[in-house]
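**Q** the following comprises the amino acid sequence and a computationally predicted model.
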Amino acid sequence: MVGVGGSSPLATTRILSKAGLIFRPVFISKRFTNYVNVIPRIIARSEHSISRSNIDKGVLDILYTLARSGYEAYLVGGGLRDMLLGLEPKDFDVVTNATPDQIKTVFRSRCRIIGRRFRLAHVHVGDKVIEVATFRAQSDERGDRLIDDQGMVRRDNIYGSRDEDVWRRDFTINALYYNIEDFSLVDYVGALDDLNAGLIRLIGDPALRYREDPVRMIRAVRFACKLGLALPKETAEPLPVLSHLLAETAPARLYEEVLKLFHGGQAACVFEKLREHGLLGGLFDQTEFCLQQFSSWSAIVIPAGLKQTDARIVSDKGVNPAFLFALMMWEALWTALECDEGSPVHIDEMLKMATTVLNEQSERTSIPRPVIQQVKEIWATQLPLITMQHKAERVLALPRFRAAFDFLALRALAVPSLQKDVAYWEQVQLEHPEWLLTALSNQGSQQMQSDIGEAHSEKRDASKRRRRYRHR
């Protein structure tokens, strides 16, 4: 038996039994500063379903070019996983023993080295960009690696071999290597067994691996929903305890992860599991605060809105990040205004508070300025949808009318009094579809803002103390 002992990282032992060769996960002790020479399982081409015909030709070109240049090169990660599950792969990643500078030498102008936390090579093949990474070493004691006091890996540019690289990967199901020399799969960690069992397990001690990179917590949820796999106890148990670490992650990175979570076709499932495992507050702390209140608007409307988003993606329709953030942050806006959404409020007052709420959200998930502007437009258009029906043609010509109308229809699920307004605008659109094609001039848009301001001139008591919303 190989690698018996301690807690991290996880290895696979080969055990000979009467039934044949068994691969069983065990833990390798932390006292090993480099790696344990675990013998991987080699799955011959005749024993797996992956065919080169399913692999992007540009990826194959990179693999063979590196091999001809004298380097090892393997296909790794989610592309292999998806093909084994019978799904269409979206991304292909390549790993090699060539350093980023050596990869640059091989591919010259087609290659660009990116990243500071992890140096990677992006190789251009036609209009595609393929990520090529160098094998990473396990040792913390040599090279360019930095871990902060929380255990988060801030920089990791220590290069090693394939035998070391596998222990730096996150989940067992992402740790297969496809060898182009003989078309075999290399499995160190029982990845195939976990895929067959429908389990998402981390390589190594879960708490330690989450601390190294907190984004792994939400990736676990995304994979569970996307692939229909389960989170066993050891994978799920640390999640609510460590969810606060998401606040330490770069906001720009979390924005991209939020789009992957909610624009992948499984948004409703993702939302449910994020809440179940105590992770939503790490991404949307204001939203989580609202959800915990009695008779929360968000508890009714957000799941319904996310189901509609999933349906649009299934139908190959476009989705807009602005609608997602408008949906997630609407109740937080009214909480910050210290009133319910049926209360009269001036447009200027709403937009000012919208800036505060969205800027605070940007501290968690950096929201691009154009997206923030679109969120404000969706929210602001809620006012004329209710109070300016006598100017229907002008309202329908607003740039965000369709998104604003869809948002109003969702609001009506929690506020029945809005159903008559939804019915009115449905009828207007049926009777005057040409109005939707009319674009207001800049002057008209400015006039519309003025009209909205007049229609909502009734302000709340100015003496009422304002506070900036913050989740505690």
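**A** Received, thanks.
**Q** which strands and helices sit next to the helix ranked longest in the chain?
**A** Secondary structure assigned by DSSP state H gives helix 297-314 as the longest helix of the chain. Judged by 3 or more Cβ pairs under 8 Å, 6 or more residues apart in numbering; DSSP states H and E, the packing partners of helix 297-314 are helix 267-276, helix 285-291, helix 321-336, helix 401-414. (Glycine included, C-beta is placed from N, CA and C.)
**Q** mean confidence score for the third one?
**A** If I follow you right, that is helix 321-336. Mean per-residue pLDDT for helix 321-336: 97.
**Q** okay, that helix in CSV with CA atoms only?
**A** The C-alpha coordinates for helix 321-336 follow below in CSV (Å, rounded to 0.1, in the frame of the first residue of the first chain):
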residue,chain,number,x,y,z
PRO,A,321,-26.1,40.4,-16.1
ALA,A,322,-28.0,43.6,-15.4
PHE,A,323,-31.3,41.7,-15.0
LEU,A,324,-29.6,39.2,-12.6
PHE,A,325,-28.3,42.0,-10.4
ALA,A,326,-31.6,43.9,-10.6
LEU,A,327,-33.4,40.8,-9.4
MET,A,328,-31.0,40.0,-6.6
MET,A,329,-30.7,43.6,-5.2
TRP,A,330,-34.2,45.0,-5.6
GLU,A,331,-35.3,44.2,-2.0
ALA,A,332,-32.0,45.4,-0.7
LEU,A,333,-32.7,48.8,-2.4
TRP,A,334,-36.0,49.2,-0.6
THR,A,335,-34.5,48.0,2.7
ALA,A,336,-31.9,50.8,2.2
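**Q** buried ones in it?
**A** Using 16 or more other Cβ atoms under 10 Å as the test for burial, helix 321-336 gives 321-336.
**Q** what does stretch 288-302 give?
**A** E288, F289, C290, L291, S296, W297, S298, A299, V301, I302.
**Q** of the residues you listed, which pair is most distant in space?
**A** Spatially, the most separated pair among those is F289 and V301, at 15.8 Å (Cβ to Cβ).
**Q** out of the buried residues of helix 321-336, who's nearest P214?
**A** M328 (19.8 Å).
**Q** quick one: the residue lying closest to F135 once chain neighbours are set aside from K57, how far?
**A** Spatial nearest neighbour of F135, chain neighbours left out: D165 (3.9 Å); criterion: Cβ to Cβ, 6 or more residues apart in numbering. Using Cβ to Cβ, to the nearest Å, D165 is found at 25 Å from K57.
**Q** so which of those two has more stuff around it?
**A** Neighbours per residue (other Cβ atoms under 10 Å) separate D165 from K57, with D165 holding more: 25 against 12.
**Q** tell me the SS of the more buried one?
**A** Classification of D165 using DSSP: H, G, I helix; E, B strand; the rest coil returns helix.
**Q** who are the contact partners of it?
**A** Going by Cβ atoms under 8 Å, 6 or more residues apart in numbering, D165 touches V95, F135, R136, A137.
**Q** F118 - how many residues pack around it?
**A** When counting by other Cβ under 10 Å, one arrives at 14 neighbours for F118.
**Q** that's a strand at it, yeah?
**A** No: read with three-state DSSP, F118 is coil and lies in no strand.
**Q** shouldn't it be in contact with I158?
**A** No: contact criterion Cβ atoms under 8 Å: F118 and I158 do not qualify, at 10.6 Å.
**Q** thinking again about what came up before, and the longest helix of the chain with helix 267-276, angle?
**A** Angle between the axes of helix 297-314 and helix 267-276 is 140 degrees (criterion: axes from the mean of the first three to the mean of the last three Cα atoms, to 10 degrees).
**Q** pLDDT averaged over helix 297-314 - what is it?
**A** Regarding helix 297-314, the rounded mean pLDDT is 97.
**Q** all further residue positions should be reported with the first residue as 41.
**A** Yep, numbering from 41; the last one is helix 337-354 now.
**Q** other residues contacting it?
**A** 302-308, 310-312, 327, 330-331, 358-359, 363-364, 367-368, 370-371, 374, 381, 446, 450-451, 453-455.
**Q** between that helix and helix 361-376, how big is the angle?
**A** Using the same axes, to 10 degrees: helix 337-354 against helix 361-376 is 180 degrees.
**Q** which parts of stretch 249-269 are buried?
**A** Here stretch 249-269 shows 249-267, 269 as buried, counting by 16+ other Cβ under 10 Å.
**Q** please apply the same query to stretch 274-292.
**A** Quick answer for stretch 274-292 (16+ other Cβ under 10 Å): T275, A276, P278, L279, L282, S283, L285, L286, T289.
**Q** quick one: pLDDT of D180?
**A** 53.
**Q** likewise G200?
**A** Per-residue confidence (pLDDT) for G200: 86.
**Q** do the same with V298
**A** If you check V298, the pLDDT there is 98.
**Q** so it touches I407, yeah?
**A** No: between V298 and I407 there is no contact under Cβ under 8 Å: 9.3 Å.
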